[in-house]
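Visitor: Give the three-dimensional model of this entry:
(chains A and B)
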Amino acid sequence: MTGAHHALALALFSVFVLVTLGITTWVGRERRGSPEEFYAGGRLFSPMENGFAIAGDYMSAASFLGVTGLIALYGYDGILYTVGFLVAWLVVLFLVAELVRNCGRFTLADVLVTRLRERPVRIATGVSSVTVSVLYLVAQMVGAGSLMTLLLGGTGESARAWTVVGVGVLMVVYITLGGMRAATWIQIVKAVLLLGGTVALTVLVLVRFHGDLSALLTTAAGRSGHGQAFLAPGLKYGGDPTSRLDFVSLGLALVLGTAGLPHILSRFYTVPTACAARRSVVWSIGLIGGFYLMTIVLGFGAAAILGPDAVRAAGPAGNNAVPLLALDLGGGAGSTGGTVLFAVVAAVAFATILAVVAGITLASSASVAHDLYRTVSRRARTPRSEVAVARVAAAGTGAVAIGLGLLAQDLNVAFLVGLAFAVAASANLPVLLFTLFWRRFTTRGAVWSVYGGLVPALVLVVLSPVVSGGPDAIFPGADFALFPLENPGLVSVPLGFLAGWLGTVTSPEAADAGRHAETEVRSLTGAGAA
Amino acid sequence: MENHDRRSAASALAGTIQPARALTAPDISRALTAPDIYREVQRGAAFREVRSRYRRFAFPAAAAFLLWYLAYVVTATAAPGLMARPVAGALNVAMLAGLAQFATTFLLTWAYARHARLHRDPAALELRWAVTLETRQEWTGQERTQEWTCQEQSRREGEHA
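Guide: Numbers count the residues shown, from 1 in each chain, chains lettered A, B, ... in the order given. Next up is the predicted model:
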């Protein structure tokens, strides 16, 4: 590889940073400092704008680089991921988006406190939301570090560390200055760039095979060295029963976790009505579905054009398959076309990480300021002081994410993302569904449900083979891996639901029928919506 | 205009479309606390209809796609042999099942949006108006315009589709 495409990639990426900083200052120029502005961007985005922003929040570098790499190396097993990521949106559309828009104001806890006691519920969901956000954030920071190594051609640890710090500082600037309005526009710009880049590469792959998908698949299977097995499940997750069960666990976490991700839930508050929230999810399902269909073409294209050996040589996890594919499609290393395409793809991947990081930081600062600080602090509060706290919380989240991102540089990104989804599915989704749909649900049920999902999910990860008991573990020397699966979802999601049920039936107080009526009427009609 | 709105709002609250049974303005001005109003609406036929229309679509559809997705994941991990069976050319059962997951997701999204637009939105908007008049919240009508605009756009897009 020559230095030309690295320099060009850095230049393009700097342009993106400048443009987004420009957006942030432009948006922040008439800053009024109300929570409505800071957390929800004034609630006046259109369904199409919000649909692009949701897609931007969701299409992370893990899916752009990670999933295509998985498909390039393991064939069909990579597709299993994309299906889980997409189907999850039906849960959001059917059961969550409209009702959350109608009942809530800024965070998950706002929905719950329409019928439950404020203090315990806010603390519990605040803790679980911050946990999910930090896990997801660390995954993005680690991804940024490895991408930089690729961009600079492996200049080592210090470049990685400085990237993590740089991304962290940028996201704090975006959020503290621009709030949700800046975050939304950054997501929209990034979604358009990412989709544009993906469409261009997909078209080039299809042109290479004269539009014959069958030839693409056959060539990919032939070059993979696995033959037809490359086009069927089993190469990655088809080993012993444990690894198969592990994949089912991950699948469950993916499909149920999306509806519990705090940064996705907060996107529904940026539109004026439930109807607009529904239409933004319809937009995002179209965009995300199209994106994943194209990643399948790109993954098989990388296998067919580059071959798995070249992909594996550039990074064992396959994360570099798409940039290498771009280099080849543009005319190969050293050609102008190849240099430009490589630079564009690398810059788009980086923009993706920055935008996702901004969205999560905002959601996390809302949980800290709106749920935790407001409940715990006994000082008199005004909406304005709450926003000031949220800005400080964004900076704090940034610092924590930088620290953990530096410590966790060798962790697998896909594992971290799967873990964030598992915690969201175990701790946030049960309590949300019970609140919206179960008449008898009580405050004790809510608190038990959150901790009953959160604690097992985290404990099972500590006891899993990721943390100890193997050569690839975080602590390879120790062995306390009592739980065989890497992803805790299969156990912790049912536990979250079970704990919510148990807490409710053992509750000394009955559910408040009047407040349940209010929640139900508001959630389905939009009466009294913020 | 305002008079009409108020009457239709009140009739929506009473769960009937006949103006004869509608609550009149003095009824509305009775001092009801907010929980009472919500309970009254919740018991009303109009709200029960909206709720059952929503649940009759969303719950079975959610159960169906979750089962279909779990069946897909479990088959892919437990019976890769079945999934590897060729169908035509490079296409095998696994590829078809994966594409079918994408297709059903798009189809269900379209069906849900259509169902909500045709069978739920108008009635929900009436109820929202009714509750707001009852609780006498600050509601200048701007929200109603937004809600209506969104529904109108969604209706027009539905006609084009």
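
Visitor: tell me, how many neighbours does residue 105 end up with?
Guide: Since no chain was named, I'll use chain A. 18 (other Cβ atoms under 10 Å in any protein chain shown). Bear in mind the C-beta positions are built from the backbone N, C-alpha and C, glycine included.

Visitor: should've been chain B
Guide: Other residues close to B:Thr105 by other Cβ under 10 Å number 23.

Visitor: Which of the helices or strands spans it?
Guide: helix B:93-119 (DSSP states H and E).

Visitor: buried ones in the biggest helix by length in chain B?
Guide: Ranked by residue count under DSSP state H, the longest helix found in chain B is helix B:45-78. Using 16 or more other Cβ atoms under 10 Å in any protein chain shown as the test for burial, helix B:45-78 gives B:46-47, B:50-51, B:53-54, B:57-58, B:61-62, B:65-66, B:68-69, B:72-73, B:75-78.

Visitor: counting contacts, what elements does that helix pack onto?
Guide: helix A:76-91, helix A:241-257, helix A:513-525, helix B:2-14, helix B:80-83, helix B:93-119, helix B:121-135 (3 or more Cβ pairs under 8 Å, 6 or more residues apart in numbering or on different chains; DSSP states H and E).

Visitor: For the worst-scoring helix or strand of chain A on mean pLDDT, report the contacting residues that lie outside it.
Guide: Ranked by mean pLDDT, DSSP states H and E, the weakest helix or strand in chain A is helix A:61, scoring a mean of 77. With contact meaning Cβ atoms under 8 Å, 6 or more residues apart in numbering or on different chains, helix A:61 is reached by A:140, A:143-144, A:147, A:349-350, A:352-353, A:356, A:413.

Visitor: In these, find the pair that's most separated.
Guide: Farthest apart among the contacts of helix A:61 by Cβ to Cβ are A:Phe350 and A:Val413. That separation is 14.3 Å.

Visitor: Just give the number of residues close to residue 35.
Guide: Because you didn't say which chain, this covers chain A. 19.

Visitor: Correction: the question concerned chain B.
Guide: Neighbours around B:Pro35, by other Cβ under 10 Å: 15.

Visitor: residues contacting A:Pro484?
Guide: Contacts of A:Pro484 (Cβ under 8 Å, 6+ apart): A:242, A:245-246, A:464-465.

Visitor: for A:Gly286, that is, sorry about that
Guide: So A:Gly286 contacts A:51, B:106, B:109 (Cβ under 8 Å, 6+ apart).

Visitor: Model confidence score at the residue nearest the centre of chain B, please.
Guide: Nearest to the mean C-alpha position of chain B, by Cα atoms, centre = their mean, lies B:Ala116 at 4.0 Å. In this model, B:Ala116 is scored at 94, pLDDT.

Visitor: how far away is it from A:Cys275?
Guide: 8 Å (Cβ to Cβ, to the nearest Å).

Visitor: hey, what's in contact with both of those two?
Guide: Shared contacts of B:Ala116 and A:Cys275, counting by Cβ under 8 Å, 6+ apart, come down to A:Glu98.

Visitor: wouldn't A:Thr163 be in contact with A:Gly143 here?
Guide: No. Counting by Cβ atoms under 8 Å, A:Thr163 stays clear of A:Gly143, with 10.2 Å between them.

Visitor: Can you see whether the biggest helix by length in chain A contacts chain B, counting any residue in it?
Guide: In chain A, assigned by DSSP H, the helix with the most residues is helix A:157-208. No. Using Cβ under 8 Å from any Cβ of the partner chain, helix A:157-208 stays clear of chain B, with a minimum separation of 14.8 Å.
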